[in-house]
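In: Mind looking at a prediction? Sequence and model below.
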Amino acid sequence: MITGVINTEKFRPPQFYSLEQVNHHNSPEDLWMIIYNKIYDITEFAQHHPGGVEVLFDCGGIDATEAFDDVSHSDDAFKMLAPYFIGDLIPQEQKIYKHNHNRIIKDSPTVIYPKDTKIEKVIITTVNTTSNLKIKRKKKKNSSNSSNNKVEKLTILILVILVIFSLALYIGVQKLKWSYHFHSS
Ligand code: HEM
């Protein structure tokens, strides 16, 4: 006979929810969201979110993966998700992500799907990692900075040419005035 204590925390049966079910949990008192096919009950966390409560309320009951990803959250933010994990999106509604998926899987309890589970293939083609995202944003910022610099330089050049031209015009007019003055006197 085998005896032992089952850790019910670890052996919690896999819980699946459909998008439709998640949609109902969209109020500040009952706030769920989907991030990378995983469902989190963030009712308690919302008040402590460093980015404010409002953005989380806006994502209540929906798939917030893109919104979450857009902000380029740190590794710490990913780790903070784990305690709020309550289940997975039903396999038929899951998306396959090219990136970051492993980070979530690593930090949250994972469900092993039956072999023949059909997963809808929706490939989200964004950058590979959030740090890449940051680099990309930096590059974008730099390129817009350099085009701003070019415009600035061009403006200065035009101004200098204008000043030289008006100075030359002024001197020319003065010269004409003097020669007219000498000829007439
Ligand atoms: C429940 C999941 C979420 C967790 C655990 C979380 C966690 C965090 C953390 C730890 C930060 C501080 C910066 C960092 O370490 O990355 C942060 C900032 C922020 N988060 Fe979230 N977040 C979550 C969901 C979201 C969602 C869905 C949005 C939607 C737009 C969002 C928007 C923001 C914004 C705007 C900031 C401020 C960024 C800044 O000031 O640079 N967060 N979040």
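Out: Nice, thanks for sending it over. Numbering: from 1, shown residues only.
In: Can you report phi and psi for residue 73?
Out: Main-chain dihedrals, residue 73, degrees, to the nearest 10: phi -60, psi 150.
In: how about the helices in the chain?
Out: Along the chain, counting by DSSP state H, helices occupy 19-23, 53-58, 65-70, 75-81, 101-107, 130-184.
In: any bit of the second one sitting next to the ligand?
Out: When you say that, I think you mean helix 53-58. Yes: counting by C-beta under 6 Å from any ligand atom, the ligand has neighbours in helix 53-58: 55-56. Placement of C-beta: from N, CA and C, glycine included.
In: Same check on the third one?
Out: Yes: for helix 65-70, a contact with the ligand is found by C-beta under 6 Å from any ligand atom, at 67-68.
In: Quick check: residues of the protein near the ligand?
Out: Going by C-beta under 6 Å from any ligand atom, the residues of the chain near the ligand are 40, 42, 45, 49-51, 55-56, 59, 64, 67-68, 71, 73-74, 76-77, 80-81.
In: From those residues, list just the buried residues.
Out: Burial by neighbour count, 16 or more other C-beta atoms under 10 Å: within these this picks out 40, 42, 45, 56, 59, 64, 68, 73, 80-81.
In: Could you find the residue in this structure that comes nearest to the ligand?
Out: Nearest residue of the chain to the ligand, counting by C-beta to the nearest ligand atom: residue 51, 2.4 Å away.
In: Now do the residue nearest to that residue when sequence neighbours are not counted, the pLDDT please.
Out: Nearest non-adjacent residue to residue 51, counting by C-beta to C-beta, 6 or more residues apart in numbering: residue 71, 6.7 Å away. Per-residue pLDDT puts residue 71 at 89.
In: heads up, I number from 29, so please use that
Out: Shifting the count to begin at 29 puts that one at residue 99.
In: From residue 105, how far out is residue 99?
Out: Residue 99 is 8 Å from residue 105, where distance means C-beta to C-beta, to the nearest Å.
In: and residue 121, how many neighbours does it have?
Out: 19 (other C-beta atoms under 10 Å).
In: doesn't residue 48 make contact with it?
Out: No: here residue 121 lies out of contact with residue 48, judged by C-beta atoms under 8 Å, at a distance of 9.1 Å.
In: show me the contacts for residue 57.
Out: Applying C-beta atoms under 8 Å, 6 or more residues apart in numbering to residue 57 gives the contacts residue 71.
In: rerun that using 10 Å as the cut-off
Out: 71, 74 (C-beta atoms under 10 Å, 6 or more residues apart in numbering).
In: Torsion angles phi and psi at it?
Out: Reported as degrees, to the nearest 10, the phi and psi values for residue 57 are phi -80, psi -10.
In: Quick check: it vs residue 77, distance?
Out: From residue 57 to residue 77 the distance is 16 Å (C-beta to C-beta).
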